[in-house]
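Trainee: below: sequence and its predicted model.
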Amino acid sequence: MRKKWKLYGLSVCVFCYLAGCGRLTKGEPAEMPAVPTENSEHWEAQTEMEREISEEAQQQEGRTAELKDIAGMVGMEDKDTAGLFGGGEENWTEDRSFYIGRSYEAELYGRSCQIYTLCGEEKTVESVSVWAVSGDREVTEAETEEWKNRITDFMGVEPAADQEISEGGSQNFRWTSEGKIVSMHRMKDILTISFHPAVGELK
């Protein structure tokens, strides 16, 4: 007898549970939880996030530079350099009476560097400068040697170096090969590399 009452009680509990869940409502199907669809806000937000991540990755890839890319800018028309390295900003004198060139921020050998072009009257790039260290910290001997080795490998010749520190406090290195010159200037907290054609220079 007790066993029958236990079974009866269990049946009542199950009935109440199902009724409470809305599964036994007459003539009405049980409601299912909402599932995100392609038209839902959740889906749209996720798609937008994925798109932004993809665009950011593409922009970052476009900002990556190599020495050959920078050297190749010399002689180009300014308009053709506008979209390089993620896009360059126009650089004018303060009164906008003279167009200087463009400025970029690019990743070079894993570090963010500022790149500047100098244009002539015909808006052709006459030289390009890379600011590897821009006064925000001290330049180390190790990174100076790293840059010397990189430029030497790129140019295929050893640098000519000034034996003494200049009056301005800089140490200067110079590579000349195949009609182009690369100069490196090192100060306490500044390290720049410049590219320009070897016009009138002896090879």
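Mentor: Perfect, thanks for sending it. Residues are numbered from 1 along each chain as shown.
Trainee: does residue 66 really touch residue 108, like I thought?
Mentor: Yes - judged on Cβ atoms under 8 Å, residue 66 makes contact with residue 108 at a distance of 7.5 Å. No exception for glycine: its C-beta is placed from N, CA and C like everyone else's.
Trainee: of these two, which one has the most company?
Mentor: The neighbour comparison of residue 66 against residue 108 (other Cβ atoms under 10 Å) goes to residue 108, with 21 against 13.
Trainee: how about residue 109, what does it touch?
Mentor: Residue 109 sits next to 146, 150 when contact means Cβ atoms under 8 Å, 6 or more residues apart in numbering.
Trainee: so where does residue 157 fall, helix or strand?
Mentor: Residue 157 belongs to no helix or strand when assigned by DSSP states H and E.
Trainee: which ones are touching it?
Mentor: Going by Cβ under 8 Å, 6+ apart, residue 157 touches 175, 176, 177.
Trainee: out of those residues, grab the one that's most surrounded.
Mentor: residue 175 (21 neighbours).
Trainee: where along the protein do the strands fall?
Mentor: Applying DSSP state E to the chain gives strands spanning 64-65, 89-92, 99-108, 111-119, 125-134, 160-161, 171-177, 180-186, 190-197.
Trainee: export these to JSON lines and tack on distance to residue 75?
Mentor: Shown next, in JSON lines, are those (distance: least, Cβ to Cβ, whole Å):
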{"stretch": "strand 64-65", "distance to residue 75": "17"}
{"stretch": "strand 89-92", "distance to residue 75": "18"}
{"stretch": "strand 99-108", "distance to residue 75": "13"}
{"stretch": "strand 111-119", "distance to residue 75": "11"}
{"stretch": "strand 125-134", "distance to residue 75": "6"}
{"stretch": "strand 160-161", "distance to residue 75": "23"}
{"stretch": "strand 171-177", "distance to residue 75": "16"}
{"stretch": "strand 180-186", "distance to residue 75": "10"}
{"stretch": "strand 190-197", "distance to residue 75": "7"}
